[in-house]
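Trainee: Here is a sequence together with a model predicted from it:
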Amino acid sequence: MARRFVIKLDPERDAPTLTINYEEALNSQQYAAVTAGGGPVLVVAGAGTGKTRTLVYRVAYLVETGTPPEQIVLLTFTRRASHEMISRASMLLDGRCQHVRGGTFHSFCLGILRQYAPRIGFPNNFTIMDSSDAADVVDVVRTGLNIRKNRRRFPRKRTIQSIISGVRNRDTTLQEYVEAKFPQFVEYIEVIGDINDGYSRYKRSHGLMDYDDLLLHCLFLLEEHEDVRKRVAGGCRHVLVDEYQDTNLSQAALVRAFSSEHTNIMVVGDDAQSIYQFRGADFRNILSFPQQFSKTLTLKLEHNYRSTQRILDLANHVISNARYKFEKKLFTEKVGGELPVLVQAADNRFESRFVAQQILEIRENGLPLNQMAVLFRNGFNSYDLEVELNRCGIPFVKYGGMKLSEAAHIKDVLAHLKVLENPLDAVSWNRILQLLEGVGPKTAQRIIEWMESGPGEAFELDEARFSPRYIDSVRGLFDVLRRVLNQKGSITEQLERIVAYYEPILKRVHYDDHPKRLQDLEHFIGIAESFPDRATLLSSLALDPIELTAIDTDPVQDDEPPLVLSTIHSAKGLEFDTVFLIHALDGILPSSYSVDDSDALDEELRLLYVAVTRAATRLFISYPTLQYRRYEGQYFASPSRFLENIPANLLDEGSIVEEAVSVVEGAPAETEEEIQGLILPPTPTN
């Protein structure tokens, strides 16, 4: 082993002249992180504490103190994030910062592989496949294995590709992963394993790599070829990593490899915001960092610049219940403000009306809609609220999940309702006919033309005109529609009959994720219960254009930025003045799938923490007590277990009552405002 000689610095001669007053520009905790010496440094950065600012100043500080910028590596999870940080560092200092090597893990690994790919059996000009390309290769391999086409429940190519990727990004086996995530395909584990083997061989023989390969092959290269590791790591004088809590096992191993020569590694992240386990992120990477790197200096950023202290007090209390965590306590100079409030609503309709009314009142007091957000655990949790927002003319944009009218399975069921309401609706007929086996676009068009030209009764079938290949399925469809039409039951009863008919079609058409889609349909039936009839439901949903994915109502005023609706996952990193967290129910937050898994339950708790810390000034958490479940009807739901036993000085309680109507003409209506605190006016009727 080569001997190393260390030259001692002469403070008078070697001290750099700094052009930035770092101590004045930063708070004491940020300053400690920015000016930390060499070696491993872990910066635990709480929500809203200036994590990005700290990294930007760290880059500038390293360059100012003599580190060649091309020997600084800044790894992020998006190209935009690295570009923004390097640009800000350049404006802060000078153009030298533009030479910092910033980028995503994938792009950095790609640069290494382009140089050294032949060392692991790939050409330098290998092709990178996106997820769609990868799924197509999986399909080619599956076809080559001669898997019988009559295996109806065999997973689709995209599902197989997702399974392969999921296993490669986690410390698990194929058996364990399929049993946990895709139990309906357990019987095909051996075949999926064969496809995985064939997929790997196909990629190597054709010079192909998918996104996972960029990480895994780079890691293999560095582990198996010492000379390459030394050369790569030798050029990484300082390694900086953003959002370290979101790294998977491969990315954590790559960080160790990149920093293995100089051992100057700084990772920044927040264990309390690790919420992407479904993507392969492992929160244990940040928790175990001090054990992975000896003599780690652990620093904390706790001075929050976003929220009031009352919101932070609730956030601190929530995360204190996590089993595994770094101890930290967020604080701010923003004292006072409104106490967060937990609002109990009778049902979905009352919760949606409460949220819409509060939004309108807050907007009337001068806060723009785009500084308010409604957050939820799952995309379908906002369906009922979307209907209410449309009814009130409140424009909104939705991130994460689909809007009600965009989900294919919801559109399928709605198409059945539409032909019941209007048997001449050719567009809806075309949709539901093509759900039948043996019926394609041409056949569907012939059936529609026959219905349009014939004088017969609606949903009556002239069997002589149709092929025996699909006559039974068309007859079954007409029979269901006729029964629903003659049943004249409630909208809920009509939907239940249609969904019962549609369920086997759903399993055939969308069978890889049909349990989740069935859950969506249950929620949809519950929403429909508040509508008096089929026509009213369809008219209300027509306010939500099914072809748009952004603003889906006319603005209250010209060019008004819309309200934000978002899943909690999609809202991470964002901030709003006012936040509404809806459907805070046990079984939703936390998810019913997590209650038997302590690690998953902890992640659900972190989701609540992320939601709470998005709010700057006002925070409303609400839940409906009455819910709907298919085959069981209505049932009483419980608020999230995470909200139990929270002290009254941290979380206020509120309930909703309808405004009383005076029985004496001209007399003021009595209200329970001082008792209940939250009042809803009666819903106007047209």
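Mentor: Good, I have the coordinates. Numbers count the residues shown, from 1 in each chain.

Trainee: tell me, what residue is most central in this protein?
Mentor: Nearest to the geometric centre of the chain sits residue 569, at 3.7 Å (Cα atoms, centre = their mean).

Trainee: And that residue, how far from residue 207?
Mentor: To residue 207, residue 569 is 35 Å away according to Cβ to Cβ, to the nearest Å. Where C-beta positions appear, they are placed from N, C-alpha and C, glycine not excepted.

Trainee: One more: residue 362?
Mentor: 57 Å.

Trainee: Comparing those two, which shows the higher neighbour count?
Mentor: residue 362 (20 against 14; other Cβ atoms under 10 Å).

Trainee: name the element that one belongs to?
Mentor: According to DSSP states H and E, residue 362 maps onto helix 348-364.

Trainee: which other helices and strands contact that helix?
Mentor: strand 341-345, strand 372-376, helix 383-392, strand 576-581, strand 615-624, strand 652-658, strand 677-680 (3 or more Cβ pairs under 8 Å, 6 or more residues apart in numbering; DSSP states H and E).

Trainee: List the strands paired with the helix or strand just after the fifth one, with their directions.
Mentor: Spelled out, that is strand 615-624. Toward the C-terminus, strand 615-624 is succeeded by strand 626-629 as the next helix or strand (DSSP H and E). Its sheet considered, strand 626-629 pairs with strand 633-636 (antiparallel) by DSSP bridges.

Trainee: what residues does stretch 91-111 touch?
Mentor: 19-20, 56-57, 59-60, 63-64, 69-70, 72-79, 82-83, 85-86, 89-90, 128, 211, 214-215, 217-218, 247, 251, 254 (Cβ atoms under 8 Å, 6 or more residues apart in numbering).

Trainee: Please measure how far the first residue of it sits from its last one.
Mentor: Criterion Cα to Cα, to the nearest Å; first-to-last residue distance in stretch 91-111 is 26 Å.

Trainee: residues of that stretch that come out buried?
Mentor: Within stretch 91-111, the residues that count as buried by 16 or more other Cβ atoms under 10 Å are 92-93, 96-97, 100-106, 108-110.

Trainee: Among the residues you listed, find me the one that's closest to residue 498.
Mentor: residue 106 (44.6 Å; Cβ to Cβ).

Trainee: what's the helix or strand for the closest one?
Mentor: Residue 106 is part of helix 105-116, with elements assigned from DSSP H and E.

Trainee: In terms of secondary structure, what does the helix or strand following that helix contact?
Mentor: Going down the chain from helix 105-116, the next helix or strand is strand 127-128, by DSSP H and E. The helices and strands touching strand 127-128, judged by 3+ Cβ pairs under 8 Å, 6+ apart, are strand 208-209.

Trainee: List the neighbours of the strand it packs on that are in contact with it.
Mentor: Applying Cβ under 8 Å, 6+ apart, the contact partners of strand 208-209 are 113, 122, 126-129, 137, 202-203, 217.

Trainee: if we can go back for a sec, out of the contacts of stretch 91-111, which are buried?
Mentor: 56-57, 59-60, 63-64, 69, 72-77, 82, 85-86, 89-90, 211, 214-215, 217-218, 247, 251, 254.

Trainee: re earlier: assumed the residue nearest to the centre of the chain was part of a strand.
Mentor: No: Residue 569 is assigned helix when assessed by DSSP: H, G, I helix; E, B strand; the rest coil, not a strand.
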